[in-house]
Structures are given as C-alpha cells and as structure tokens.
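Student: Just a sequence and a predicted model for now, questions to come.
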Amino acid sequence: MLEIKNLDVSVEDKQIIKNLNLKIGPGEVHAIMGPNGSGKSTIAHTLAGKPNYLVESGNVEFKNEDLIAKDPYERSLLGLFLAFQYPIELPGVTNASYLKQILNAHRKSRGENPIDAGEFLKILKEKSKNLNIPMDMHSRFVNAGFSGGEKKKNEVLQMDLLDPSLIIMDETDSGLDVDALKSTSEAVNKLRDGKRSFLIITHYLRLLEYIEPDHVHVFGDGSIIESGDKSLASRIDNEGYEVK
Amino acid sequence: MKSVSSLDCIIEISEKISIQNTTDTIKIDCSNDENNPIIDIEVEKSKINNRIYLECNENQDINATINIQIYDNATLEFVDETNYGRTTDITMNTAMRPNAEFELYRFNKFNVSTKNSFVHSCDLKTNCIFRDFNFSNGSKEMSNITKISLNEKNSKYIGSGVVIADSTNCKNQLDISHLSQSAVSDSTFKTVSRGKSNVTFQGKVFVDNDCSDTVSSQISKGLVMSDESKINLTPILEINNDDVVCSHGAASGKPDDTVLFYLASRGIEKSDAEKLYMQGFLSEFLNKIENVQMQSKARDYISQNC
C-alpha cells in the first residue's frame, strides 16, 4: 500500500525528517507516537503534499505510484486521506455544499456523473446518523464555530464519504473529551475493513486503546527509533519518551 | 402622470410613473434614442410590496437619470439585472418619506472595455429603511458612488457591495451621513481582484454633533488573487458626538494557503479550490439579505462570476 524509503524532508531550510523508512501493508494499522517536535505531523503533511514541505531525498510509493510526484489533490484522488489535527474553517460555504463538492471531485476522477441531490442527501443522512451528527450541522459553514468534537467528527464523516485506501490521522484525539474520543474511535473502527490502511499519529495511549494498532513506531528527531506491537504504546505511556 | 398596476407594462421614458398597490413586475424600457432620459417614479402609500425591474438595451449607451419618491409608509423593491454592453452613466436620486422602505438590488455585468458610472443619492426620513445591495464585475473604468443622508431619527441603512473583478477596474465610494439621532448604518464591501484588476473602496461615515445614539458599522475586505491585481480600501470616520457605537474594519490579502491545501487534500484541484474560496469569502454576509429570492440571486451571481 505505502512504502517510504530513505526519506529526508526539510521545512523552511530545516531538516525535519531524516532517513525515514516505513512500510504499511493493506489493512494494517500503524501508529506513530513521539514527543512534541519529533516530526510526527511533518510526515503526515509531507505524505499529503503540503507546499513548502520539501522532499530532499528518498521516495514514497503509494499503490505502486510515485506519491511525491503528484499534486496534493491527485494524492487524495488516488486514495490518500489526511484527517487534520486542526480542521480548517471555510466561512461562507455550507458544510453540505462542501461535502457534495469533494464527493463529486472524486466521482469525476472515476468518470462518474455528479451525484444527484436526492441521492446525496440520503447518503449524508445515513453517514451522519452513524456518527451522531445532527443534519443541521451541514447547513452551517464548514467547521466555522464547530466544537472540537464536531470538527473531528466532520473529518471522520469526510473519510467515510470519500472511501480512501489509506487514512492518516494527525492527532485526531487532541481536543476531544472522553465521550467524543470514544464515539470518534468507534466510527473509525467501522471503517476498518481489512483492506483499508491507517497511519495514526498520536501522543497518547488512550486513542490506541480504542483503535488497536498492528504496529507502533516511536518517532524521535525525525525518524523511527523503535518499533513494536501495541505493547510498545503501553510502555511509552508508563515510562514516557525519555526512558527507552 | 401615468398610474401603473398591471403586469409587465412598458413605460415610456420621460413619463412620470405613479405606483400604488402594485404587486407585479414593471419594466422600464430605456432603449429609445433620447440622449438623457429622465425617469420619475413615485411610490404612493401602500403596505404592499411594489417591485420595479430596470430593463435596459444592452447594445446602447445609457445616460439616464432616475428620480424616485417613496411616500409615507410605502415600499419599493428595485431590481436591475442588466448586462450592460455599452457605456453607462446613470444617476439615481431617491427621496424617502417617513416610514418608507426601499430595497435596491443591482446584479450587473459590464462589458470590460466600457466606461460606466452610477451615482445614487438617497435621503431618508424618520423610521425609513434602505437596503442596498450591489453586485458588479467592474469594467475598463467604473465609478460607483452612493451618498446616504440619514436625515431623521431611527432611519436605517443596510448596504453591501460586491465586486468580482477580473482584469477590470472599479472605484467605489460610499458616504453615509448621520444627520439625526438614533440612526443606524451597517455597510459591508467585499471584493475579489483577479488578473490585472484595480479595485478601490472609500467608505466614509460622518456623524454630526447632535446625533446621539448613533450606531454604525463598516466592514471592507478584499481578496487579492494575483500578483498584478490591486485593492485599496480606505475607511474614513468623522465622529462628532460621544454617544455613539461606531466600528469599522478593513483588510485585504491573498488566500490562505492552509485553506487551499485543506481543499486540495480532499481532491479539489487548485482552480476549483480558489473558486470555492472566493465564493465563501464573498458569500459570508449574504444572510444580511433577508429577501429570500434576492439572496438566492446573489448566491447565483457569486457562483457564476467567481
């Protein structure tokens, strides 16, 4: 699914990712843990193609294609989804209109016609119900005035709507209370179908107690310094990042 | 004077029009050969909404003066959706009697190689409300001047201007004079400047020294979409009374790259992402248009021209 080889990434002339290697197979759930400033979010944004994140060397293959050579929108259309730590607000555009537009962008890339308004409403109602999202949220502007929980649920709704092959979750647990964390995790778990892969970036064990990873990697100074199974996350939670 | 109450009647230029209890559409045909036609419209007492559509021949130069009198308790909705193909020079003078309501909607597209001018002076008496919404794409040389006089207490002006420029120019000026106590003004100007456009906005709010209990808000925002386009926003406040609540804000800049990246990360191409961004930027204030039909027209205008 995804293979990162010897990746070096700089942001504003400062090298953040150093010789990173990571392979994620179909259906696998990988977690990256690490202290602040270790480069966790940088890898998420690099994979999604954020401008100014300069790949100095190395390569990334996603579905046997050169991911780095593609524009950010092409990466999304290829099946990569980044759930943002801080979802962006888009005043003046209703959530329903936005969701329909991103869905149609993906349909267009598959050679399908734009979705019929009635059909879209039906899908939106069904998927919103699964996430306990009230329909009136969709008549509000995208993420504007949304609570932290609503923003994260809206991210999960988008990943459900776009049906990606690889989901990168960048600190999705930040800003969520216990109930919101649980319901968001349950919704994510419903998307685990044995084919779809996940890369979960987090500081804490608590998210991984709900979404159990197959592999856990500890990030330090821009690269993976230790890998293991889910027990590694428990050890980090007990001992912290300083003790190895 | 001609009394009008029927559907879609054509009114000759220079004819004085009197409207009473008209609920249908009246078209004013400006397509005759007169050099400087004067259109006089009087709206008499009526609680029923009167609506006028201005319809101009887009293949002729327009040089017209429109005088509007709205009498006590009368209401008028004036809609101009003309695509102007030639030079235009339109002057509008509006006098509102106590308790009158006026709604002016202009959804215009101009030929980018023409010169255009619109000057509107509007005087408001006690308890009058003027809702003024103007949508334009600019032209080679465009001047848009609105002068509002809140002459008596409790008069209210709510206005918004939107310019979606694409290698066009547009000079906008809004002067609001609070000349009596307890008057309210609330204005918003938004523009998107693309290509080699140059858009300016000067918004002046004047509050006279005996105008206590004044409330005024003025916002002007611009989105610069290219390196060669320019936006200049100038708010001017002259407040001569301490018992006022007046606010203003002006800001312009380029699109937020973080937002464009977010949209791209959802599969939206750059050009479509920029279009969505512009639409959102311009649509933010549309809830100020209470008239549902006109709000929908405004939304369509923005969608079609971004």
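Tutor: Nice, thanks for sending it over. Not measured: the values here are computed from a predicted model.
Student: Which residues of chain A lie near chain B?
Tutor: Residues of chain A lying close to chain B (CB under 8 Å from any CB of the partner chain) are A:48-51, A:71-73, A:75-77, A:81-82, A:84, A:87-88, A:90-93, A:98, A:101-102, A:105-106, A:109, A:141-142, A:158, A:162. Using the backbone N, CA and C atoms, a C-beta is placed for each residue, glycine as well.
Student: Separate out the buried members of the residues you listed.
Tutor: A:48-50, A:72-73, A:75-77, A:81-82, A:84, A:87-88, A:90, A:92-93, A:98, A:101-102, A:105-106, A:141-142, A:158, A:162 (16 or more other CB atoms under 10 Å in any protein chain shown).
Student: So which of the residues you listed belong to strands?
Tutor: With strands defined by DSSP state E, the entries of those inside them are A:81-82, A:90, A:92-93, A:141-142.
Student: How about the helix or strand harbouring B:F135 and chain A, any contact?
Tutor: In the assignment (DSSP states H and E), B:F135 maps to strand B:129-136. No: figure legend: strand B:129-136 not in contact with chain A (CB under 8 Å from any CB); closest approach 14.8 Å.
Student: Could you report the distance from B:N172 to chain A?
Tutor: 20 Å (CB to the nearest CB, to the nearest Å).
Student: what pairs with that residue across the strands?
Tutor: Judged by DSSP bridges, the bridge partners of B:N172 are B:N144, B:F201.
Student: That one against B:V163, yeah?
Tutor: Yes: using CB atoms under 8 Å, B:N172 makes contact with B:V163 at a distance of 6.8 Å.
Student: which residue does chain A bring closest to chain B?
Tutor: Residue of chain A nearest chain B, by CB to the nearest CB: A:G92 (3.3 Å).
Student: mind listing what that residue touches?
Tutor: Under the criterion of CB atoms under 8 Å, 6 or more residues apart in numbering or on different chains, the contact list for A:G92 reads A:141, B:279-284, B:286.
Student: for the residues you listed, which one is nearest B:T82?
Tutor: For these, the residue nearest B:T82 by CB to CB is B:L282; the value is 20.5 Å.
Student: Identify the residue nearest that closest one in space, chain neighbours excluded?
Tutor: Leaving aside its sequence neighbours, B:L282 sits nearest to B:I302 (CB to CB, 6 or more residues apart in numbering or on different chains; 4.9 Å).
Student: If B:I164 is in a bridge, with which residues?
Tutor: Beta-bridge partners, per DSSP bridges, of B:I164: B:V192.
Student: residues touching it, list them.
Tutor: B:135-138, B:191-192, B:278, B:282, B:302, B:305-306.
Student: can you do 7 Å?
Tutor: Contact analysis of B:I164 by CB atoms under 7 Å, 6 or more residues apart in numbering or on different chains lists B:137, B:192, B:305-306.
Student: do you know how far it is from chain A?
Tutor: For B:I164, the distance to chain A (CB to the nearest CB) stands at 14 Å.
Student: Chain neighbours aside, what residue packs nearest to B:C170?
Tutor: Sequence neighbours aside, B:G138 is the residue nearest to B:C170 in space, at 3.7 Å (criterion: CB to CB, 6+ apart).
Student: What's the separation between that neighbour and B:S197?
Tutor: Counting by CB to CB, to the nearest Å, the separation of B:G138 from B:S197 is 7 Å.
Student: who touches both of these two?
Tutor: Listed as contacting both B:G138 and B:S197 by CB under 7 Å, 6+ apart are B:165, B:168-169.
Student: element containing the residue nearest to B:L282, please.
Tutor: helix B:292-305.
Student: Can you name the next helix or strand after the strand or helix carrying B:V199?
Tutor: Per DSSP H and E: B:V199 is located in strand B:198-207. Next helix or strand after strand B:198-207 toward the C-terminus (DSSP H and E): strand B:214-224.
Student: Strand partners (parallel or antiparallel) of that next one?
Tutor: strand B:184-194 (parallel), strand B:244-253 (parallel).
Student: what's the burial count for B:N99?
Tutor: 18 (other CB atoms under 10 Å in any protein chain shown).
Student: Roughly how far does the residue nearest to B:C170 sit from B:E228?
Tutor: For B:G138, the distance to B:E228 - CB to CB - is 15 Å.
Student: still on that earlier bit, with just CA atoms, put the helix holding B:I302 into CSV.
Tutor: Taking Å, rounded to 0.1, in the frame of the first residue of the first chain, the C-alpha atoms of helix B:292-305 are listed here in CSV:
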residue,chain,number,x,y,z
VAL,B,292,-35.0,35.0,0.1
GLN,B,293,-35.5,35.4,-3.7
MET,B,294,-32.8,38.1,-3.8
GLN,B,295,-30.5,36.2,-1.6
SER,B,296,-30.7,33.3,-4.0
LYS,B,297,-30.0,35.7,-6.9
ALA,B,298,-27.0,37.0,-5.0
ARG,B,299,-25.7,33.5,-4.4
ASP,B,300,-26.1,32.6,-8.1
TYR,B,301,-24.3,35.8,-9.1
ILE,B,302,-21.3,35.0,-7.0
SER,B,303,-21.3,31.4,-8.1
GLN,B,304,-21.4,32.3,-11.8
ASN,B,305,-18.8,35.0,-11.7
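Student: now, which of the buried ones among the residues of chain A next to chain B lie within helices?
Tutor: A:48, A:72-73, A:75-77, A:98, A:101-102, A:105-106, A:158, A:162 (DSSP state H).
Student: Mind putting these into JSON lines with pLDDT?
Tutor: Formatted as JSON lines, those follow (pLDDT from 0 to 100):
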{"residue": "A:A48", "pLDDT": "97"}
{"residue": "A:P72", "pLDDT": "97"}
{"residue": "A:Y73", "pLDDT": "98"}
{"residue": "A:R75", "pLDDT": "98"}
{"residue": "A:S76", "pLDDT": "98"}
{"residue": "A:L77", "pLDDT": "98"}
{"residue": "A:Y98", "pLDDT": "97"}
{"residue": "A:Q101", "pLDDT": "96"}
{"residue": "A:I102", "pLDDT": "97"}
{"residue": "A:A105", "pLDDT": "97"}
{"residue": "A:H106", "pLDDT": "97"}
{"residue": "A:Q158", "pLDDT": "96"}
{"residue": "A:L162", "pLDDT": "96"}
